[in-house]
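Here is the input, now give the coordinates:
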Amino acid sequence: MQLYIGRGGVHNVGTGPLSVRCPACKQIGTFQPVGQDLRFTDKTGLVEVGHRMCPNPPCQAHLFVVLQGGNLSISYPPERIDFDSTNVPGPIIGSLEEAITCHANQCFIAAAIMVRKTLELLCSAQNGSGANLKERIKALGSQVVLPPDLLSGLDDI
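Alright, predicted model coming up:
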């Protein structure tokens with residue numbers, strides 16, 4: 001994103017705390033400002049940038065945040081989708097984490113490719129056989145208990 005300093009110049013302001021999931025410890029918390037935010041005016045309106053800190057004492061990770069119109073536009077590192085990896089084989093976890101990282105960084109085509117790879121690894125781990133991924137997903141449905149809506153969604157992917 002390009003920022004343009006408007007006629008008002010650069011202003012120091014304090015937008016306040018933000019409620020987000022920490023990309024480091026994965027806890028949801030109210031991140032407090034570290035220092036003062038900067039306010040800029042660009043072609044879309046008011047943009048504020050600043051730092052926030054995780055409220056979890058053992059973590060205290062820092063986020064760089066960009067707010068547009070008072071709403072969180074993006075944070076660095078970005079917020080990630082959380083998932084429970086209990087009893088999931090390592091290669092599947094690695095592939096899914098890479099898909100989540102791609103998604104968090106708005107690399108949606110790369111995320112879709114990694115979701116496909118995750119599905120292929122899942123079918124392989126559960127001995128889902130077939131000539132193509134669609135057939136392997138269908139075979140997976142007969143080998144493990146999955147809700148019909150989930151199988152339909154996997155087929156759509």
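
Of all the helix elements in this structure, which one is longest?
helix 108-125 (DSSP state H).

could you point out which element follows that helix?
Beyond helix 108-125 on the C-terminal side, the first helix or strand identified by DSSP states H and E is helix 133-143.

Which elements pack onto that following helix?
helix 108-125, helix 148-156 (3 or more CB pairs under 8 Å, 6 or more residues apart in numbering; DSSP states H and E). C-beta coordinates here come from the backbone N, C-alpha and C atoms, glycine included.

Quick check: what element follows the lowest-mean-pLDDT helix or strand in the chain along the chain?
Here the helix or strand of the chain ranked lowest by mean pLDDT, DSSP states H and E is strand 11-13, holding a mean of 42. The helix or strand immediately downstream of strand 11-13 is strand 18-21, counting by DSSP H and E.

What is whichever helix or strand comes after that next one packed up against?
Counting by DSSP H and E, the next helix or strand C-terminal to strand 18-21 is strand 28-42. For strand 28-42, the elements it packs on are strand 11-13, strand 18-21, strand 45-53, strand 62-68, judged by 3+ CB pairs under 8 Å, 6+ apart.

let's go with 7 Å and repeat that
Secondary-structure packing of strand 28-42 (3 or more CB pairs under 7 Å, 6 or more residues apart in numbering; DSSP states H and E): strand 11-13, strand 18-21, strand 45-53.

just these: most buried one?
Greatest average neighbour count among the helices and strands packed on strand 28-42 goes to strand 45-53 (a mean of 18), per mean count of other CB atoms under 10 Å.

can you list the helices and strands packed on helix 133-143 in TSV and add distance to Val65 and mean pLDDT?
Below are the helices and strands packed on helix 133-143 laid out as TSV (distance: least, CB to CB, whole Å; pLDDT from 0 to 100):
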stretch	distance to Val65	mean pLDDT
helix 108-125	22	90
helix 148-156	32	69
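
Distance to Lys43 and mean neighbour count added to those helices, as JSON lines?
JSON lines is the format used below for those (distance: least, CB to CB, whole Å; neighbours: other CB atoms under 10 Å):
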{"stretch": "helix 108-125", "distance to Lys43": "25", "mean neighbour count": "16"}
{"stretch": "helix 148-156", "distance to Lys43": "37", "mean neighbour count": "11"}
